[in-house]
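A.B. asks: Turn this into a structure:
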Amino acid sequence: MRRLTVVLLGVIFSLVLFMGIAQAADKFGYIDLSRTFTEYGKTKGYDKTLSDKEKAYTEERDKKVADLKAFQDKLNLLNDKEREAKKDDLQNKVKAFQDYDRQKQAELRKEQDERMKEILKDIEEAVKKYSEKEGYTFVFNDRVLVYQNKSLDITNQIIAILNKSGK
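C.D. replies: The predicted model follows:
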């Protein structure tokens with residue numbers, strides 16, 4: 001009975017040791033997500049497109065604000081009776097402007113969010129592809145690490161994959 005116990009303890013010890021060695025063989029890496037996001041060519045293209053749309057929106061918005069101010073200035077030149085008659089027109093124009101402004105800002109935010117999700121998905125796919133090819137068990141985002149050894153940084157490889165794939 002004692003021998004069986006010793007043998008079982010030996011087997012358990014061997015299994016624990018083997019599991020420890022297997023875990024030590026895991027390959028770890030991390031990426032600088034901000035840098036990867038910024039240096040990805042698709043991000044730069046989307047930034048330019050969104051910037052152009054935002055510039056067009058700002059120009060249109062400024063034109064509408066100028067029109068509202070001009071209308072307000074015309075109202076100020078009218079006598080009280082005429083001004084009171086046009087007061088509803090001004091309120092309608094202000095409300096229409098506010099609706100336009102709110103809608104355009106929401107559209108720009110939505111498009112930016114969609115583009116960001118698309119880019120993050122591309123990054124995730126590139127990390128997965130690279131990790132499987134190179135035998136990585138875990139790849140972390142640098143934002144969640146308190147300390148990281150630079151030898152585990154695979155950011156350059158991921159950026160190269162992203163920009164090479166033409167996504």
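
A.B. asks: Let me see the contact set for V94.
C.D. replies: By Cβ atoms under 8 Å, 6 or more residues apart in numbering, the contact list for V94 reads L68. All C-beta atoms are positioned from the backbone trio N, CA, C, and that covers glycine.

A.B. asks: element containing it?
C.D. replies: Using DSSP states H and E, V94 maps to helix 80-134.

A.B. asks: for that helix, what is the average pLDDT?
C.D. replies: Per-residue pLDDT values over helix 80-134 give a mean of 91.

A.B. asks: any idea which helix or strand comes after it?
C.D. replies: Next along from helix 80-134, by DSSP H and E: strand 138-141.

A.B. asks: between the very next helix or strand once past that following strand and helix 80-134, how many degrees?
C.D. replies: Going down the chain from strand 138-141, the next helix or strand is helix 155-165, by DSSP H and E. Here the directions of helix 155-165 and helix 80-134 differ by 110 degrees (axes from the mean of the first three to the mean of the last three Cα atoms, to 10 degrees).

A.B. asks: If we ignore the residues flanking it in sequence, what's nearest T137?
C.D. replies: D26 (3.9 Å; Cβ to Cβ, 6 or more residues apart in numbering).

A.B. asks: This completes my enquiry, with thanks.
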